[in-house]
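K.L.:
Okay, predicted coordinates and the sequence, questions at the end:
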Amino acid sequence: MDIVKVYEENNGLLRGHFLLSSGMHSDTYLQSEQVLQHPELATEVISQLLPKLKFFEFTTVVSPAIGGIRFGYELSRLLSKRSVFTERVDGKMTFRRGFTLGHKEKVIVAEDVVTTGRSTKECIAAIEEAGGEVIAIVSIIDRSEEAPDFKQPYMSLARVLVKSYEASNCPICASTGTAAIKPGSR
Ligand SMILES: [Zn+2]
């Protein structure tokens, strides 16, 4: 299954001139929820990860909110594991809603798209603080420019090269003269 093609066909991967929430401009925009809004397609895509996880033993899938929630939920459903998520409270990634982890409970982290790995690492820190042990990280798409320095094995289904630029130094602005579009605002 060509994951990039599935994203393209379902408006989950757009090419153009985009304004990111960081203020940077970019030539590519990824939105997994455009793919995951179709439950049967979500199952088809996410089940591609199952062979990669065959040799890992764990009880729970943990996702950082919001982007990772539906991905993590479907992955855990396919694996018959527990699904929980972390979310930011005053900027700090933490477990809420009564979610707990057992002492040294083995978990995997599931995030739909890994960009810099920052939110994944914050999720890992919350898991370790809660007593859990992360044994692997999975994503649908790896769009990192430099491979994130995770301590645990990291697997993804596809790699997408996304070029992002400082707004003041954006070659798409310079060559097209168009304004960067804020994704999701149309
Ligand atoms: Zn630009």
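P.N.:
Perfect, thanks for sending it.

K.L.:
Show me the contact partners of the lengthiest strand in the chain.
P.N.:
The residue-count maximum for a strand in the chain (DSSP state E) belongs to strand 133-142. With contact meaning Cβ atoms under 8 Å, 6 or more residues apart in numbering, strand 133-142 is reached by 3, 7, 30, 32, 45-46, 49, 52-53, 56-58, 62, 71, 75, 104-114, 120, 124, 127-128, 150, 152-160. Any C-beta I mention is one placed from the backbone N, CA and C, and that applies to glycine too.

K.L.:
Only C-alpha atoms, please: export that strand in CSV.
P.N.:
Output of strand 133-142 as CSV, limited to C-alpha atoms (Å, rounded to 0.1, in the frame of the first residue of the first chain):
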residue,chain,number,x,y,z
GLU,A,133,8.5,2.1,30.0
VAL,A,134,8.6,3.0,26.3
ILE,A,135,9.8,0.1,24.2
ALA,A,136,9.1,1.5,20.7
ILE,A,137,7.7,4.5,18.8
VAL,A,138,5.5,4.3,15.7
SER,A,139,4.1,6.8,13.3
ILE,A,140,2.3,6.7,10.0
ILE,A,141,4.5,9.3,8.5
ASP,A,142,8.0,10.4,9.3
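
K.L.:
Report the strands that pair with the helix or strand that that strand is followed by, each with its relative direction.
P.N.:
Helices and strands here follow DSSP states H and E; after strand 133-142, the next one along the chain is strand 154-159. Applying DSSP bridges, strand 154-159 is found paired with strand 133-142 (parallel).
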